[in-house]
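Asker: This is the structure alone, sequence omitted:
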């Protein structure tokens, strides 16, 4: 896929996933969703079990596996269907970012890693290119890891909003200082 196409698809997905991004900012946006939906619909376990052709204990097991985040998509969809519902899911960047913002941060982090690699003498022949790529990938991984650590150690929402580019800048200042 070309960059122009990727950008257009990212924008479309960002628009479609807007409600999911909001939900994704919650600590546990779908915690015990099956049980909650069952209860608010006032649907007894026996009714759902009958529609699914399973026992009550199987349904309780599905609710437990959902809470533990081990439920399969198939089981989740079957139970939702038995409650006259359907499963709709989304995949969104953490921290409320859009895909476009995340792509920009990744690009900045990769460029920074590449420049750092070149400063360390990574430019050159075929082995230099391969070494530079490995080091760039490692530095991106370190930045991502640092973003998770950093997000939990700074002041509330501001820390969670810190992007890879900001972290790269902060880490660069720490290395120099």
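Answerer: Thanks, I have the structure now. Everything numeric here is computed off the predicted structure, so don't read it as measured data. Residues are numbered from 1 along each chain as shown.
Asker: Outline the domain layout of this protein.
Answerer: 18-82, 97-176 (automatic domain parsing).
Asker: Just give me the lowest mean pLDDT stretch among those.
Answerer: The weakest mean pLDDT among these belongs to domain 97-176, with a mean of 59.
Asker: where do the helices sit along the protein?
Answerer: With helices called from DSSP state H, the chain shows them at 3-16, 18-24, 33-40, 45-52, 56-67, 73-82, 99-119, 126-153, 156-160, 164-176.
Asker: contacts for the fourth one?
Answerer: Judged by CB atoms under 8 Å, 6 or more residues apart in numbering, the contacts made with helix 45-52 from elsewhere in the structure are 38, 55-56, 58-60, 78-79, 82-83. Where you see a C-beta, it was placed from the backbone N, CA and C, and this is true even at glycine.
Asker: same question, the fifth one
Answerer: Defining contact as CB under 8 Å, 6+ apart, one finds that helix 56-67 is touched by 31-35, 38, 45-46, 48-49, 52, 71, 75-76, 79.
Asker: Got a PyMOL select line for the buried ones in those residues?
Answerer: Selection of buried members from these for PyMOL, criterion 16 or more other CB atoms under 10 Å:
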select buried, resi 33+34+35+38+45+48+49+52+71+75+76+79
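Asker: PyMOL command for the buried members of the contacts of helix 45-52?
Answerer: In PyMOL, selecting the buried portion of the contacts of helix 45-52, with burial taken from 16+ other CB under 10 Å, looks like this:
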select buried, resi 38+59+78+79+82+83
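Asker: can you put the contacts of helix 45-52 in a markdown table and add distance to residue 118?
Answerer: Listed next are those as a markdown table, based on distance: CB to CB, whole Å:
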| residue | distance to residue 118 |
| --- | --- |
| 38 | 58 |
| 55 | 63 |
| 56 | 64 |
| 58 | 58 |
| 59 | 59 |
| 60 | 58 |
| 78 | 54 |
| 79 | 54 |
| 82 | 58 |
| 83 | 57 |
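Asker: Greatest separation within the contacts of helix 45-52: which pair is it?
Answerer: Checked with CB to CB, the contacts of helix 45-52 reach their widest spread between 55 and 83, with 16.8 Å between them.
Asker: Would you check how far apart residue 39 and residue 91 are?
Answerer: Computed with CB to CB, to the nearest Å, the distance linking residue 39 and residue 91 is 27 Å.
Asker: let me fix that: residue 57
Answerer: Per CB to CB, residue 57 is found 32 Å from residue 91.
Asker: what about residue 62, neighbour count?
Answerer: 21 (other CB atoms under 10 Å).
Asker: same check, this time on residue 15
Answerer: Neighbour count for residue 15, taken as other CB under 10 Å: 9.
Asker: So which residues make contact with stretch 19-39?
Answerer: Residues outside stretch 19-39 that contact it (CB under 8 Å, 6+ apart): 45, 48, 62-63, 66-67, 76, 79-80, 83, 85, 89-98.
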